[in-house]
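1. sequence? don't have it. structure:
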(Lines give C-alpha, C1' and ligand atoms only; values in the text may rest on other atoms or scores of the structure.)
Protein backbone atom coordinates (compact mmCIF):
# COMPACT_ATOMS: atom_id res chain seq x y z
CA UNK A 1 0.00 0.00 0.00
CA UNK A 2 1.51 3.33 -1.03
CA UNK A 3 2.06 6.12 1.47
CA UNK A 4 -0.36 8.46 -0.34
CA UNK A 5 -3.11 5.85 -0.26
CA UNK A 6 -2.46 5.19 3.44
CA UNK A 7 -2.70 8.93 4.14
CA UNK A 8 -5.95 9.24 2.19
CA UNK A 9 -7.48 6.14 3.76
CA UNK A 10 -6.48 7.10 7.32
CA UNK A 11 -7.83 10.64 7.04
CA UNK A 12 -10.96 9.46 5.22
CA UNK A 13 -11.72 7.18 8.18
CA UNK A 14 -11.04 10.02 10.61
CA UNK A 15 -13.40 12.31 8.69
CA UNK A 16 -16.04 9.60 8.40
CA UNK A 17 -16.16 8.51 12.04
CA UNK A 18 -15.53 11.80 13.86
CA UNK A 19 -18.31 13.83 15.42
CA UNK A 20 -18.01 17.13 17.21
CA UNK A 21 -15.63 19.09 15.02
CA UNK A 22 -11.88 19.42 14.76
CA UNK A 23 -10.98 19.16 18.44
CA UNK A 24 -12.80 15.84 18.67
CA UNK A 25 -10.71 14.60 15.71
CA UNK A 26 -7.35 15.32 17.35
CA UNK A 27 -7.17 12.05 19.36
CA UNK A 28 -8.02 10.06 16.22
CA UNK A 29 -5.40 11.88 14.14
CA UNK A 30 -2.87 11.37 16.94
CA UNK A 31 -3.67 7.65 17.10
CA UNK A 32 -3.24 7.23 13.34
CA UNK A 33 0.05 9.11 13.03
CA UNK A 34 1.59 7.34 16.01
CA UNK A 35 0.32 3.95 14.81
CA UNK A 36 1.89 4.46 11.38
CA UNK A 37 4.99 6.14 12.80
CA UNK A 38 4.59 9.16 10.53
CA UNK A 39 5.43 11.70 13.25
CA UNK A 40 6.37 11.82 16.92
CA UNK A 41 4.01 13.04 19.65
CA UNK A 42 6.03 16.25 19.97
CA UNK A 43 5.86 16.93 16.24
CA UNK A 44 2.10 16.36 16.30
CA UNK A 45 1.69 18.73 19.26
CA UNK A 46 3.55 21.38 17.24
CA UNK A 47 1.29 20.73 14.27
CA UNK A 48 -1.82 21.18 16.43
CA UNK A 49 -0.43 24.49 17.71
CA UNK A 50 0.21 25.69 14.15
CA UNK A 51 -3.17 24.42 12.95
CA UNK A 52 -4.83 26.32 15.79
CA UNK A 53 -3.17 29.60 14.77
CA UNK A 54 -3.77 29.40 11.02
CA UNK A 55 -7.12 30.26 9.39
CA UNK A 56 -9.49 27.38 8.74
CA UNK A 57 -10.79 24.33 10.62
CA UNK A 58 -8.24 22.72 12.91
CA UNK A 59 -8.88 19.20 11.56
CA UNK A 60 -8.32 20.25 7.96
CA UNK A 61 -5.22 22.26 8.89
CA UNK A 62 -3.86 19.33 10.92
CA UNK A 63 -4.47 16.90 8.06
CA UNK A 64 -2.75 19.27 5.63
CA UNK A 65 0.33 19.67 7.87
CA UNK A 66 0.56 15.95 8.69
CA UNK A 67 0.29 15.12 4.99
CA UNK A 68 2.97 17.67 4.13
CA UNK A 69 5.36 16.48 6.84
CA UNK A 70 4.83 12.88 5.73
CA UNK A 71 4.78 13.06 1.92
CA UNK A 72 5.24 16.67 0.82
CA UNK A 73 2.70 18.64 -1.23
CA UNK A 74 1.07 15.49 -2.64
CA UNK A 75 0.63 14.17 0.92
CA UNK A 76 -0.99 17.41 2.07
CA UNK A 77 -3.45 17.35 -0.85
CA UNK A 78 -4.32 13.69 -0.29
CA UNK A 79 -4.73 14.01 3.50
CA UNK A 80 -6.86 17.16 3.15
CA UNK A 81 -9.08 15.49 0.54
CA UNK A 82 -9.39 12.42 2.75
CA UNK A 83 -10.52 14.33 5.85
CA UNK A 84 -13.00 16.60 4.01
CA UNK A 85 -14.56 14.14 1.55
CA UNK A 86 -16.67 12.18 4.09
CA UNK A 87 -18.34 15.38 5.34
CA UNK A 88 -19.18 16.44 1.80
CA UNK A 89 -20.61 13.03 0.92
CA UNK A 90 -22.59 12.75 4.17
CA UNK A 91 -24.04 16.24 3.79
CA UNK A 92 -25.16 15.47 0.25
CA UNK A 93 -26.60 12.14 1.38
CA UNK A 94 -28.46 13.17 4.54
CA UNK A 95 -29.42 16.80 3.86
CA UNK A 96 -32.91 15.88 2.74
CA UNK A 97 -33.45 13.41 5.61
CA UNK A 98 -32.35 15.81 8.36
CA UNK A 99 -34.98 18.42 7.56
CA UNK A 100 -37.65 15.74 7.25
CA UNK A 101 -36.85 13.80 10.45
CA UNK A 102 -35.42 16.56 12.66
CA UNK A 103 -38.25 16.23 15.19
CA UNK A 104 -38.17 12.42 15.26
CA UNK A 105 -37.36 11.01 18.75
CA UNK A 106 -34.68 8.66 17.35
CA UNK A 107 -32.84 11.62 15.77
CA UNK A 108 -32.88 13.44 19.11
CA UNK A 109 -31.68 10.34 21.01
CA UNK A 110 -28.76 9.77 18.61
CA UNK A 111 -27.45 13.29 19.09
CA UNK A 112 -28.11 13.14 22.83
CA UNK A 113 -25.88 10.03 22.94
CA UNK A 114 -23.16 11.61 20.82
CA UNK A 115 -22.67 14.68 23.05
CA UNK A 116 -20.78 12.92 25.90
CA UNK A 117 -18.53 11.15 23.38
CA UNK A 118 -17.63 14.49 21.77
CA UNK A 119 -16.83 15.99 25.19
CA UNK A 120 -14.66 12.95 25.99
CA UNK A 121 -12.75 13.25 22.71
CA UNK A 122 -12.12 16.96 23.25
CA UNK A 123 -10.97 16.26 26.84
CA UNK A 124 -8.66 13.54 25.48
CA UNK A 125 -7.16 16.04 23.04
CA UNK A 126 -6.60 18.52 25.90
CA UNK A 127 -4.88 15.87 28.03
CA UNK A 128 -2.65 14.79 25.11
CA UNK A 129 -1.59 18.35 24.28
CA UNK A 130 -1.08 19.18 27.97
CA UNK A 131 0.96 16.03 28.55
CA UNK A 132 3.11 16.67 25.49
CA UNK A 133 3.57 20.40 26.07
CA UNK A 134 3.74 20.79 29.86
CA UNK A 135 5.42 17.69 31.28
CA UNK A 136 8.18 15.21 30.39
CA UNK A 137 6.68 11.73 30.14
CA UNK A 138 8.68 8.90 28.58
CA UNK A 139 6.80 6.56 26.25
CA UNK A 140 7.12 3.62 28.66
CA UNK A 141 6.76 5.64 31.89
CA UNK A 142 3.83 4.91 34.19
CA UNK A 143 1.92 7.61 36.05
CA UNK A 144 3.35 6.33 39.35
CA UNK A 145 6.93 6.59 38.04
CA UNK A 146 6.22 10.08 36.74
CA UNK A 147 4.97 11.21 40.18
CA UNK A 148 8.07 9.70 41.79
CA UNK A 149 10.23 11.68 39.36
CA UNK A 150 8.16 14.81 40.03
CA UNK A 151 8.90 14.64 43.76
CA UNK A 152 12.55 13.59 43.47
CA UNK A 153 13.63 15.66 40.41
CA UNK A 154 10.87 18.17 39.56
CA UNK A 155 12.66 19.74 36.60
CA UNK A 156 13.02 16.32 34.98
CA UNK A 157 9.24 15.75 35.16
CA UNK A 158 7.91 19.15 34.06
CA UNK A 159 8.70 21.79 31.48
CA UNK A 160 9.00 24.96 33.61
CA UNK A 161 8.94 27.42 30.70
CA UNK A 162 5.81 25.84 29.23
CA UNK A 163 4.05 25.77 32.61
CA UNK A 164 4.96 29.41 33.22
CA UNK A 165 3.58 30.47 29.82
CA UNK A 166 0.43 28.38 30.35
CA UNK A 167 -0.23 29.87 33.80
CA UNK A 168 0.43 33.43 32.58
CA UNK A 169 -1.83 33.00 29.54
CA UNK A 170 -4.61 31.53 31.69
CA UNK A 171 -4.44 34.40 34.21
CA UNK A 172 -4.20 37.10 31.51
CA UNK A 173 -7.11 35.62 29.58
CA UNK A 174 -9.25 35.35 32.70
CA UNK A 175 -8.43 38.82 33.97
CA UNK A 176 -8.22 40.92 30.78
CA UNK A 177 -10.28 38.87 28.27
CA UNK A 178 -7.68 39.39 25.54
CA UNK A 179 -8.29 38.06 22.05
CA UNK A 180 -6.88 34.52 21.65
CA UNK A 181 -4.69 35.66 18.74
CA UNK A 182 -2.90 38.15 21.01
CA UNK A 183 -2.41 35.42 23.62
CA UNK A 184 -1.04 33.01 21.01
CA UNK A 185 1.42 35.57 19.64
CA UNK A 186 2.45 36.60 23.15
CA UNK A 187 2.95 32.98 24.17
CA UNK A 188 5.06 32.39 21.08
CA UNK A 189 7.30 35.36 21.90
CA UNK A 190 7.51 34.29 25.54
CA UNK A 191 8.45 30.78 24.38
CA UNK A 192 11.31 32.16 22.31
CA UNK A 193 12.59 34.24 25.23
CA UNK A 194 12.17 31.55 27.89
CA UNK A 195 13.81 28.93 25.66
CA UNK A 196 17.09 30.75 26.15
CA UNK A 197 16.60 30.93 29.92
CA UNK A 198 15.63 27.28 30.49
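-> Thanks, I have it. Please read these numbers as outputs of a predicted model, since none were measured by experiment.
2. any idea how far the residue nearest the centre of the chain is from residue 66?
-> Most central in the chain under Cα atoms, centre = their mean is residue 26, positioned 3.3 Å from the mean C-alpha point. Separation of residue 26 from residue 66 (Cβ to Cβ, to the nearest Å) stands at 11 Å. (C-beta placed from N, C-alpha, C; glycine too.)
3. what's the answer for residue 177, then?
-> From residue 177 to residue 66 the distance is 33 Å (Cβ to Cβ).
4. Of those two, which one has the most company?
-> Per other Cβ atoms under 10 Å, whichever of residue 177 and residue 66 has more neighbours is residue 66, with 29 against 7.
5. and the more buried one, what helix or strand is that in?
-> Using DSSP states H and E, residue 66 sits within helix 58-101.
6. and the next helix or strand along the chain from that helix, which residues are buried?
-> Next helix or strand after helix 58-101 toward the C-terminus (DSSP H and E): helix 105-134. Neighbour counts using 16 or more other Cβ atoms under 10 Å place 118, 121, 122, 124, 125, 128, 129, 132, 133, 134 of helix 105-134 among the buried residues.
7. same for helix 105-134, what does it pack against?
-> helix 22-36, helix 41-53, helix 160-176 (3 or more Cβ pairs under 8 Å, 6 or more residues apart in numbering; DSSP states H and E).
8. ok, then the element right after it?
-> Counting by DSSP H and E, what follows helix 105-134 is helix 143-152.
9. from the chain's centre, how far out does the helix or strand just after that next one sit?
-> Remark: after helix 143-152, the chain's next helix or strand is helix 154-157, criterion DSSP H and E. Distance, stretch centre to chain centre, for helix 154-157: 25 Å (Cα atoms, centre = their mean, to the nearest Å).
10. buried sites along helix 154-157?
-> Buried, per 16+ other Cβ under 10 Å, within helix 154-157: residue 157.
11. What are the structural domain limits within the protein?
-> 1-118, 135-198 (automatic domain parsing).
12. re earlier: dump the buried residues of helix 105-134 to JSON lines, plus distance to residue 7 and pLDDT.
-> Below are these laid out as JSON lines (distance: Cβ to Cβ, whole Å; pLDDT from 0 to 100):
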{"residue": "118", "distance to residue 7": "25", "pLDDT": "81"}
{"residue": "121", "distance to residue 7": "21", "pLDDT": "80"}
{"residue": "122", "distance to residue 7": "24", "pLDDT": "81"}
{"residue": "124", "distance to residue 7": "22", "pLDDT": "81"}
{"residue": "125", "distance to residue 7": "21", "pLDDT": "78"}
{"residue": "128", "distance to residue 7": "21", "pLDDT": "78"}
{"residue": "129", "distance to residue 7": "22", "pLDDT": "78"}
{"residue": "132", "distance to residue 7": "22", "pLDDT": "76"}
{"residue": "133", "distance to residue 7": "25", "pLDDT": "79"}
{"residue": "134", "distance to residue 7": "29", "pLDDT": "80"}
